[in-house]
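*Asks:* Structural data only, the sequence is not supplied:
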């Protein structure tokens with residue numbers, strides 16, 4: 001009777017052990033699926049941010065082209081105003097006089113020069129912002145590449161785990177044991193087959 005009790009007690013331990021292993025396997029698979037889901041969400045969010053950044057870069061480049069065109073137009077207007085003022089100042093046979101037209105031309109020159117300085121400042125700031133945005137975009141692309149590699153690794157890991165999970169574990173049938181010999185020549189080590 002004691003021998004019979006020892007066998008049933010041994011069978012109960014194996015069942016408990018098998019249940020604990022199954023529970024641990026399911027918990028691990030759940031944790032892996034959850035982490036995989038979070039990685040996918042992070043990747044999707046980053047892809048969305050990259051697209052928005054690319055749209056902002058395109059808009060900023062368009063603004064820079066507009067500022068540059070405005071600067072060129074104002075520079076041409078400034079040259080024209082300088083030419084008009086020089087022609088008025090150097091008129092042959094005319095006295096140099098400070099009249100309303102003279103003051104108007106001088107005032108126009110000052111306004112154009114101030115506008116050009118402001119446009120150059122805006123253009124410089126926009127170009128600096130564009131460079132910073134491009135650097136940020138480059139970093140996001142590198143981060144996306146790392147996230148995709150991590151996600152690929154996670155998915156391969158889950159696939160490998162699925163292949164390694166033996167159907168005998170889920171059926172709760174006995175697992176084959178392969179005897180191993182350790183360095184001392186004893187064969188008391190065993191490996192799941």
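*Replies:* Yes, it's here. A quick note: this is a predicted structure, and the numbers were derived from the prediction, not measured.
*Asks:* And the next helix or strand past the helix ranked longest in the chain?
*Replies:* Counting by DSSP state H, the longest helix found in the chain is helix 2-89. As assigned by DSSP states H and E, the chain's next helix or strand after helix 2-89 is helix 100-164.
*Asks:* Who are the packing partners of that next one?
*Replies:* With contacts taken as 3 or more C-beta pairs under 8 Å, 6 or more residues apart in numbering; DSSP states H and E, helix 100-164 sits against helix 2-89. For every residue, glycine as well, the C-beta is placed using N, CA and C.
*Asks:* Can you give me the distance of residue 28 to residue 161?
*Replies:* The gap separating residue 28 from residue 161 is 8 Å, by C-beta to C-beta, to the nearest Å.
*Asks:* What is the neighbour count of residue 81?
*Replies:* Neighbour count of residue 81, defined by other C-beta atoms under 10 Å: 20.
*Asks:* quick one: it and residue 106 touch, right?
*Replies:* No. Under the criterion of C-beta atoms under 8 Å, residue 81 makes no contact with residue 106, lying 9.2 Å away.
*Asks:* List the contacts of residue 33.
*Replies:* residue 158 (C-beta atoms under 8 Å, 6 or more residues apart in numbering).
*Asks:* Look up how far residue 154 lies from it.
*Replies:* 9 Å.
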